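Enquirer: My questions are about this predicted structure, shown below with the sequence.
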Amino acid sequence: MEPFDLKRAERIVAHMMEKDEFSRWMDFEVLKVDKGYCKVSCPIKKEMLNGFSVTHGGIIFSLADSALAFSAATYGRVSLAIENSISFIHKTVEGDVLTAESNCLNLTHKTGLFEVKIRNQNDRLVAMMKATVYRTSDNFDV
């Protein structure tokens, strides 16, 4: 495995965000990038609520999935999620600001295992995702 290059990882994530219409539409903001790590935030708006006036699970899943994608990309290879499971621990509501932190737990030549913790603005854990990615042989060209 080649040495980690933080500046390249930051360029890769910036490039991904530039091309990621969905993450931009959701107002996701990348706060920090590091080796196998990414921290992403999202303000919860009225349009993100379900019929019970709590954040739709798909919003939280999407935030976690984007943080996962960015953290996997920090290694320089295009990676695709092949399995994700999420546990919703506490409800969130309009006005909350959620932050997802994705960390690599194990990396092999072909796969990566990641954990994503989603917290609200009070640092309360609201959801957790466990995810596996497939690491393609394609490198980012940035």
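Expert: Structure received.
Enquirer: so where do the helices sit in this protein?
Expert: 6-19, 21-25, 57-73 (DSSP state H).
Enquirer: ranking the ones you listed by burial, who's on top?
Expert: Greatest average neighbour count among these goes to helix 57-73 (a mean of 23), per mean count of other C-beta atoms under 10 Å. From N, CA and C alone the C-beta is placed, and that goes for glycine too.
Enquirer: follow-up on the earlier one: any chance of the helices of the chain in TSV, plus distance to residue 118 and mean pLDDT?
Expert: As requested, these are exported to TSV (distance: least, C-beta to C-beta, whole Å; pLDDT from 0 to 100):
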stretch	distance to residue 118	mean pLDDT
helix 6-19	18	97
helix 21-25	15	95
helix 57-73	6	98
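Enquirer: what does the strand ranked longest in the chain rub up against?
Expert: The residue-count maximum for a strand in the chain (DSSP state E) belongs to strand 125-139. By C-beta atoms under 8 Å, 6 or more residues apart in numbering, the surrounding residues in contact with strand 125-139 are 60-61, 64-65, 68, 72, 75-92, 98, 107-120.
Enquirer: what's the lowest-mean-pLDDT helix or strand in the chain packed up against?
Expert: Lowest by mean pLDDT, DSSP states H and E among the helices and strands of the chain is helix 21-25, with a mean of 95. When contacts are defined as 3 or more C-beta pairs under 8 Å, 6 or more residues apart in numbering; DSSP states H and E, helix 21-25 packs onto helix 57-73.
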